[in-house]
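[1] could you work out the structure for the sequence below:
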Amino acid sequence: MKQLLLLIDRIISRVNVNLEEFGFDVGPFINASTNLAKMLDYYASYAVTSKHPLKLQFSNSNIAASYFLGKCMVNRSVVYKSDVRGDELKRKGETIVFGSKELPLVEDEVITIRDSFLFRTLIHSKSHNLETPEEFFIRNTVAGHFSNIHGSTMEGCYLGVFATVDQMSLHSCIVGEFSYVQAEELFHRAIKPGTVWIANESFSFQYTYQEDVLKRYVALDESFRPVGLLIDFVESRKSDFERLFSQVNMDVLDTPQSSTVNRFALIKGKTRIGKNVLICQRAYLENAEMGVGSNAQENTYIINSTLSGYNVTAHGAKIINSTLGEKIFVAFNCFLNGKIGARIDIGAGCIIMPHTIIDAEEPITIPGDHLVWGFIGSQGDLMTNSISLDELEKMTEVTVGSMSFHGDGKVFVNAFRKRFEHILELNGAYFTKGKNRGHAQSDQSASFNMIQPYRTGPNRGIYPTITIEP
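    This is a model prediction of the structure:
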């Protein structure tokens, strides 16, 4: 265990150097999150398919209970209960268009994790850093429970519990708990907890949760442990996942041939899987109806709910006691918490913004083709937390409640609609007669393999240096 303890100390030192200007110490958070015994209990796994390039390299690291797909290198890091999904990495020969310039890729893109501590973190998509088009890197970084690193290179950063960074680059930054940021590139910035911020040269959308509301759902206590209703929700179902990592062979589910349910997803109750559906690892479905072309991405929960079809449930989103019309985008880490007798009904074509909380105290009905954000507890709260997409398209400046937007409304709406359709295409929602294949079809051929750490001696808890390639 000596080497593992030294590894953790080195990571703390490296990250703290990068965040010194903020007087920020990641040590207490890492120490509160580290359970050395658990780091021996679980194996790591990697998937092999005929559709994805394979090259994995692990050295001087602990990768317990983590899942890897595609090309990834992990060095001097702790990657615990995390998902590193490289199925959308760029391929050799692709060309990136930047303005009038073209950047041809000379080799396959690879995810590189070095000197970092990632705890229950999702890494997905591909690098949007034009300076390193063939490397999606995470260096000298700490990421907390249920955070999302989505297409974002990071160096010297702290990513708080339930935080998301999306399609950007960050250098020596702090992103607070439950914040979502998509702002192209940030240097030496501290983002306040509960901030939802999307900005580029065409528009800016910003919303910040009231502190008292946020603390009810996501916070760190005096011991730097995550607390709040969101943590309570996932922790109460944690034991249901234990068997997924203690059994090698699982029961085969009856699903359409064009759909995929990952071996590390949990399906309970009377759940129906439609055609062209993708259920990713660590997704939790109970009494759920997944209409044609819908998906449930990593760390999502869909309980007692109906998704009519072509719905995107993005990484970390939770949908309980709800009915969704077709083509609804429920973005990262949303919490749609309907109740028995207080269901949530959402009309077709809606965009539920990242990190939205709808905690229904009464039945809530959201009209179709609306943008929804922030905290909603009643039907009346929609007045200050939603807007018609048609209305927003015509605007260049608007303030509704605590949300402010300026820029080109039409470009903003079209950007979300385009991204939504792109996700459906990538996930194979439109697969028919052998055409428009996506993840729901390509992932069917996956085989899963285990890797285990040293069990005794000074390297106890460290995984052997391993290179896996075709």
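[2] can we go C-alpha only for contacts and neighbour counts from here?
    Will do.
[3] number of residues surrounding Arg189?
    Other residues within reach of Arg189, judged by other C-alpha atoms under 10 Å, total 15.
[4] wait, isn't it in contact with Ser172?
    Yes: with the criterion set as C-alpha atoms under 8 Å, Arg189 and Ser172 qualify as a contacting pair; they are 7.2 Å apart.
[5] who's Phe117 bridged to?
    With DSSP bridges applied, Phe117 shows beta-bridge pairing to Val78, Val142.
[6] cool, and the one 5 residues further on?
    According to DSSP bridges, the partner residues bridging Leu122 are Asp83, Asn148.
[7] quick one: contacts for it?
    Under the criterion of C-alpha atoms under 8 Å, 6 or more residues apart in numbering, the contact list for Leu122 reads 82-85, 146-150, 298, 315.
[8] turn these into JSON lines, columns for pLDDT.
    As requested, the contacts of Leu122 are arranged in JSON lines below (pLDDT from 0 to 100):
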{"residue": "Ser82", "pLDDT": "96"}
{"residue": "Asp83", "pLDDT": "96"}
{"residue": "Val84", "pLDDT": "98"}
{"residue": "Arg85", "pLDDT": "96"}
{"residue": "Phe146", "pLDDT": "97"}
{"residue": "Ser147", "pLDDT": "98"}
{"residue": "Asn148", "pLDDT": "98"}
{"residue": "Ile149", "pLDDT": "98"}
{"residue": "His150", "pLDDT": "98"}
{"residue": "Glu298", "pLDDT": "96"}
{"residue": "His315", "pLDDT": "98"}
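[9] ok, of the residues you listed, which come out buried?
    Using 16 or more other C-alpha atoms under 10 Å as the burial test, the contacts of Leu122 include 82-85, 146-150, 298, 315 as buried.
[10] thinking again about what came up before, nearest to Lys126 among the contacts of Leu122?
    Closest approach to Lys126 among those (C-alpha to C-alpha): His150, at 7.5 Å.
[11] list the contacts for the closest one?
    Contacts here follow C-alpha under 8 Å, 6+ apart; on that basis His150 touches 122-126, 164-167.
[12] sort out for me which of those are in strands.
    Using DSSP state E, 122-124, 164-166 are the members of those that sit in strands.
[13] out of those, grab the one that's most surrounded.
    Taking other C-alpha under 10 Å as the neighbour criterion, Thr164 ranks highest of the ones in strands among the contacts of His150 with 31 neighbours.
[14] need the contact list for it.
    Residues counted as contacts of Thr164 (C-alpha under 8 Å, 6+ apart) are 147-150, 178-181, 332.
[15] distance of it relative to Ile366?
    In this view, Thr164 and Ile366 are 25 Å apart by C-alpha to C-alpha, to the nearest Å.
[16] repeat that for Leu230.
    With the distance defined as C-alpha to C-alpha, Leu230 ends up 23 Å from Ile366.
[17] and for Phe420?
    Plainly put, Phe420 is 19 Å away from Ile366 if you go by C-alpha to C-alpha.
[18] would you mark the buried spots in stretch 101-116?
    Counting neighbours by 16+ other C-alpha under 10 Å, one finds that the buried residues in stretch 101-116 are 105, 108-116.
[19] including secondary structure and pLDDT, could these go into a markdown table?
    Output for those, formatted as a markdown table (DSSP: H, G, I helix; E, B strand; the rest coil; pLDDT from 0 to 100):
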| residue | secondary structure | pLDDT |
| --- | --- | --- |
| Leu105 | coil | 93 |
| Asp108 | coil | 96 |
| Glu109 | coil | 97 |
| Val110 | strand | 98 |
| Ile111 | strand | 98 |
| Thr112 | strand | 98 |
| Ile113 | strand | 98 |
| Arg114 | strand | 98 |
| Asp115 | coil | 98 |
| Ser116 | coil | 98 |
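[20] can you put the residues you listed in CSV and add distance to Met73?
    Conversion of the buried residues of stretch 101-116 to CSV gives the following (distance: C-alpha to C-alpha, whole Å):
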residue, distance to Met73
Leu105, 19
Asp108, 13
Glu109, 11
Val110, 7
Ile111, 6
Thr112, 5
Ile113, 6
Arg114, 8
Asp115, 12
Ser116, 12
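[21] out of those, the closest to Lys51 would be?
    Ranking these by separation from Lys51, with C-alpha to C-alpha as the measure, puts Asp108 on top at 13.6 Å.
[22] mind checking which helix or strand of the chain has the lowest mean pLDDT?
    Of all the helices and strands that make up the chain, helix 238-241 has the lowest average by mean pLDDT, DSSP states H and E, namely a mean of 80.
[23] quick one: contacts of that one?
    The set of residues external to helix 238-241 that reach it, using C-alpha under 8 Å, 6+ apart, is 266, 282.
[24] report the backbone C-alpha coordinates of that helix in CSV.
    Provided in CSV are the C-alpha atoms of helix 238-241 (Å, rounded to 0.1, in the frame of the first residue of the first chain):
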residue,chain,number,x,y,z
LYS,A,238,-25.5,2.3,-4.8
SER,A,239,-25.8,-1.2,-3.4
ASP,A,240,-27.9,-2.2,-6.5
PHE,A,241,-24.8,-1.8,-8.6
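[25] which other helices and strands contact the following helix or strand past that helix?
    From helix 238-241 onward toward the C-terminus, using DSSP states H and E, the following helix or strand is strand 260-261. Using 3 or more C-alpha pairs under 8 Å, 6 or more residues apart in numbering; DSSP states H and E as the contact definition, the elements that strand 260-261 packs against are strand 278-279.
[26] let's see 10 Å
    Contacts defined by 3 or more C-alpha pairs under 10 Å, 6 or more residues apart in numbering; DSSP states H and E place strand 260-261 against strand 278-279, strand 295-296, helix 439-442.
[27] and of the ones you listed, who's closest to Asn16?
    Closest to Asn16 of these is strand 295-296 (C-alpha to C-alpha; 35.6 Å).
[28] quick one: strands adjacent to that closest one?
    Counting by DSSP bridges, the strands paired with strand 295-296 are strand 278-279 (parallel), strand 312-313 (parallel).
[29] out of those strands, which one sits most buried?
    Comparing the strands paired with strand 295-296 on average neighbours per residue, with mean count of other C-alpha atoms under 10 Å, the densest one is strand 278-279 at a mean of 30.
[30] pLDDT weak spots in the chain?
    Low-confidence segments of the chain, defined by pLDDT under 70, are located at 242-252.
[31] domain ranges for it?
    If you go by automatic domain parsing, the domain ranges for the chain are 2-193+453-468, 238-443.
[32] would you list the phi and psi of Ala283?
    According to degrees, to the nearest 10, the main-chain angles of Ala283 amount to phi -80, psi 150.
[33] now the strands paired with strand 295-296 as a markdown table including distance to His439?
    Shown next, in a markdown table, are the strands paired with strand 295-296 (distance: least, C-alpha to C-alpha, whole Å):
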| stretch | distance to His439 |
| --- | --- |
| strand 278-279 | 7 |
| strand 312-313 | 13 |
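[34] relative to Thr141, which of those strands is closest?
    Of all these, it is strand 312-313 that lies closest to Thr141, at 26.9 Å by C-alpha to C-alpha.
[35] what is the helix or strand just after the closest one packed up against?
    Along the chain past strand 312-313, the next helix or strand (assigned with DSSP H and E) turns out to be strand 318-320. Contacts defined by 3+ C-alpha pairs under 10 Å, 6+ apart place strand 318-320 against helix 229-235, strand 284-286, strand 301-303, strand 306-307, strand 335-337, strand 357-359.
[36] no more questions from me, cheers.
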